[in-house]
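**Student:** all I have is the shape, not the residue letters:
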Ligand SMILES: [Zn+2]
């Protein structure tokens, strides 16, 4: 269980249940959690196109490694895959701090401007409503 205490209201909740939305800003996709009690937003994960590409690559390599083990590929081949996975992880690690900072900033701005972004999808469909 990945539980945190809301630092605004003190409510204890499980992060897995609290994923509540995504904010899109240009190239950035900010995923966030909400406290179920007071709706305070918490940063979960921010990605840009480069990070999303790395996430996909990482998934693909992890699948390859799993397949390589079940099909008993040569050790050398598996090691090559693992090196590739490490390189992807390293690149992600380098990108993360900048993305997190940008994501948290966007989150704070969203919190200050309106509560409407709480459900970004619903807000978006609203704008297409005929007058
Ligand atoms: Zn709270």
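**Tutor:** Arrived safely, thanks for sending. Being a predicted model, the structure only gives us computed values, none of them experimental.
**Student:** every contact and neighbour count from this point should use C-alpha atoms.
**Tutor:** Noted.
**Student:** now do the strands in the chain.
**Tutor:** 3-5, 12-14, 19-25, 28-34, 41-47 (DSSP state E).
**Student:** can I get these in CSV including mean neighbour count, distance to the ion and mean pLDDT?
**Tutor:** Conversion of those to CSV gives the following (neighbours: other Cα atoms under 10 Å; distance: least, Cα to the ion, whole Å; pLDDT from 0 to 100):
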stretch, mean neighbour count, distance to the ion, mean pLDDT
strand 3-5, 12, 8, 90
strand 12-14, 16, 8, 92
strand 19-25, 18, 14, 92
strand 28-34, 21, 8, 95
strand 41-47, 21, 9, 94
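**Student:** export those strands to CSV and append columns for distance to residue 92.
**Tutor:** Below are those laid out as CSV (distance: least, Cα to Cα, whole Å):
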stretch, distance to residue 92
strand 3-5, 25
strand 12-14, 25
strand 19-25, 20
strand 28-34, 15
strand 41-47, 10
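**Student:** what about residue 85, how many residues nearby?
**Tutor:** Per other Cα atoms under 10 Å, the neighbour tally for residue 85 reads 20.
**Student:** that one is in contact with residue 62, isn't it?
**Tutor:** Yes. Between residue 85 and residue 62 there is a contact under Cα atoms under 8 Å: 7.4 Å.
**Student:** which parts of this protein sit against the ion?
**Tutor:** 6, 9, 35, 37, 38 (Cα under 5 Å from the ion).
**Student:** okay, those residues in CSV with distance to residue 74, neighbour count and pLDDT next?
**Tutor:** Output for the residues of the chain next to the ion, formatted as CSV (distance: Cα to Cα, whole Å; neighbours: other Cα atoms under 10 Å; pLDDT from 0 to 100):
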residue, distance to residue 74, neighbour count, pLDDT
6, 49, 19, 95
9, 55, 12, 97
35, 48, 25, 93
37, 53, 13, 93
38, 54, 12, 93
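**Student:** and these, which is closest to residue 69?
**Tutor:** Nearest to residue 69, judged by Cα to Cα, of the residues of the chain next to the ion is residue 35 at 41.1 Å.
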